[in-house]
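S.K.: sequence plus the predicted model coming up.
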Amino acid sequence: MDGRDLTMDRISDLPDSLITQILSLLTTKEAVCTCILSKRWTDLWTSVDTLDFDYRNFRYDNKRFLRFIHGVLSHRGFPPLEKFKLSWKFRSRSEHDTVEECINHVVACMPQVIYIITITHDFNFGLPDSLFNCGSVKEMSLFPCAKSITLKNASSLVTADFEISFDGLNELNLLQGLPNVTSLRLYATRHGLLDKDIPNCPILNNLKSLELGQLEMSYGWNLVACFLKHSPNLKKLVLNFGHSKLATQEAMLGNFTFRHEFLEIVEIRFKNESVETVNEVTATLGKLLLAVFCGIILLFSREKLYLFQFFLFGVVVSVALVI
């Protein structure tokens, strides 16, 4: 191998389609920076089917971040998108218009994957309606701060991950817009956010995996029962309970008296690690198993792991206790 071989630009010998695939693994800021390599690279980044905007890549300088987003969208135009990621911390109300413009632009590019995390203390902030009416998206993760979240028509959505933690949220209507979802994670850190949405959900025949949080021991089981009633083909259920004190077995189970024939795995995670909590949940497991007739139950907390098995209707049931 001579000196010329050592200095040869082998990457530039690759076809454009392969280079754009490599660029799609980078953040948008990193991909745009490749435009200075040569004339051939000047516009290659505009063919990348992924946009990844993260305010932390700009040392929390929102003005530079806003200018960058505007420049990228203006130069790129509207070719189809595979994935869109946005992480943004709002510092002033004037920035909301830029977010809405960005999301509306992206929705017009028909993305299949959307991941958005927004942080704001402005209770009047709302995500644009176009986001909740995007007919192309198959996978969506939203960690938004908004006054209302209403998913209107997302029949194409099969994987959904929603984490709601905004105290100013006054309307949450998600489940009616998820008729074909197969995997759903719904997490609300403010008590009562799930109460109105879950009982009104439609029959989710395609739902196979469900994670709920942050539930409360005093009433959480009734919400779970309601969800199971509307998810007849569910196979895996993950429950996250908060710090509240444990209720009696009767209160925990509520009307949880029907059998759920396809349910195979239940994971229960709780933050209250007292001996009383572990004993109470252990005593309740029998009733829970009778109610849902599942094959495997996993009960999680944090530190020590205990594993035991027993038979229920001829089925070997494994229980893992971490206390």
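M.R.: Received it, and whenever you're ready, just let me know what you need. Residues are numbered from 1 along each chain as shown.

S.K.: what about the nearest residue to V32 once chain neighbours are set aside, neighbour count?
M.R.: In space, V32 comes closest to W45 once its chain neighbours are excluded; the distance is 5.3 Å by C-beta to C-beta, 6 or more residues apart in numbering. For every residue, glycine as well, the C-beta is placed using N, CA and C. The local packing of W45 (other C-beta atoms under 10 Å) involves 22 other residues.

S.K.: pretty sure W45 sits in a helix.
M.R.: Yes. Residue assignment for W45, taken from DSSP: H, G, I helix; E, B strand; the rest coil, places it within a helix.

S.K.: for P80, see how far away it is.
M.R.: Taken as C-beta to C-beta, to the nearest Å, the spacing of W45 relative to P80 amounts to 15 Å.

S.K.: again, but for I103
M.R.: According to C-beta to C-beta, I103 and P80 sit 16 Å apart.

S.K.: just G126 next, same as before
M.R.: Going from G126 to P80 by C-beta to C-beta gives 27 Å.

S.K.: again, but for A31
M.R.: A31 sits 17 Å away from P80, going by C-beta to C-beta.

S.K.: who's more crowded, these two?
M.R.: Neighbour tally, A31 and P80, criterion other C-beta under 10 Å: the higher count belongs to A31, 22 against 10.

S.K.: can I get the strand or helix carrying that one in CSV, CA atoms only?
M.R.: Element membership for A31 (DSSP states H and E) is helix 28-33. As requested, the backbone C-alpha atoms of helix 28-33 are provided in CSV (Å, rounded to 0.1, in the frame of the first residue of the first chain):
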residue,chain,number,x,y,z
THR,A,28,-29.2,17.2,11.8
LYS,A,29,-26.6,19.6,13.0
GLU,A,30,-23.8,17.1,12.4
ALA,A,31,-25.2,16.1,9.0
VAL,A,32,-25.4,19.8,7.8
CYS,A,33,-21.8,20.3,8.8
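
S.K.: C-terminal to it, what's the next element?
M.R.: The next secondary structure element downstream of helix 28-33 (using DSSP H and E) turns out to be strand 50-54.

S.K.: quick one: residues in contact with the next helix or strand after that following strand.
M.R.: For strand 50-54, the succeeding helix or strand toward the C-terminus, using DSSP H and E, is helix 62-76. Counting by C-beta atoms under 8 Å, 6 or more residues apart in numbering, helix 62-76 makes contact with 28-29, 32, 46, 51, 53, 55, 58, 88-89, 91, 95, 98, 101-102, 105, all of which sit outside it.

S.K.: again, but for stretch 86-99
M.R.: The set of residues external to stretch 86-99 that reach it, using C-beta under 8 Å, 6+ apart, is 53-56, 60, 62, 65-66, 69-70, 102-103, 115-122, 124-125, 127.

S.K.: tell me which residues in it are buried?
M.R.: Neighbour-count burial for stretch 86-99, with 16 or more other C-beta atoms under 10 Å as criterion, is recorded at 86-90, 95-96, 98-99.

S.K.: same check, this time on stretch 27-41
M.R.: Of the residues in stretch 27-41, 27-28, 31-32, 34, 41 count as buried by neighbour count, 16+ other C-beta under 10 Å.

S.K.: what is the nearest of the residues you listed to R10?
M.R.: Each of the buried residues of stretch 27-41 was checked against R10 using C-beta to C-beta; the closest is W41, at 14.3 Å.

S.K.: how about that closest one, nearest residue that isn't a chain neighbour?
M.R.: Take W41 and drop its neighbours on the chain: the residue closest to it by C-beta to C-beta, 6+ apart is T34, 5.2 Å away.

S.K.: distance of the one you found relative to V48?
M.R.: Plainly put, T34 is 10 Å away from V48 if you go by C-beta to C-beta.

S.K.: which residues do the two both contact?
M.R.: L23.

S.K.: ok so, going back, determine which two of the contacts of helix 62-76 are furthest apart.
M.R.: When C-beta to C-beta is used, the two most widely separated members of these are T46 and R91, lying 29.0 Å apart.

S.K.: who's T118 bridged to?
M.R.: Listed beta-bridge partners, T118: W88 (assigned using DSSP bridges).

S.K.: identify each buried residue in the one helix or strand T20 maps to, please.
M.R.: Counting by DSSP H and E, the element that carries T20 is helix 16-23. Residues of helix 16-23 classed as buried under the neighbour-count rule (16+ other C-beta under 10 Å) are 19-20, 23.

S.K.: what's the angle from that helix to strand 50-54?
M.R.: Between the direction of helix 16-23 and that of strand 50-54, the angle (axes from the mean of the first three to the mean of the last three C-alpha atoms, to 10 degrees) works out to 30 degrees.

S.K.: packing partners for helix 16-23?
M.R.: The helices and strands touching helix 16-23, judged by 3 or more C-beta pairs under 8 Å, 6 or more residues apart in numbering; DSSP states H and E, number zero.
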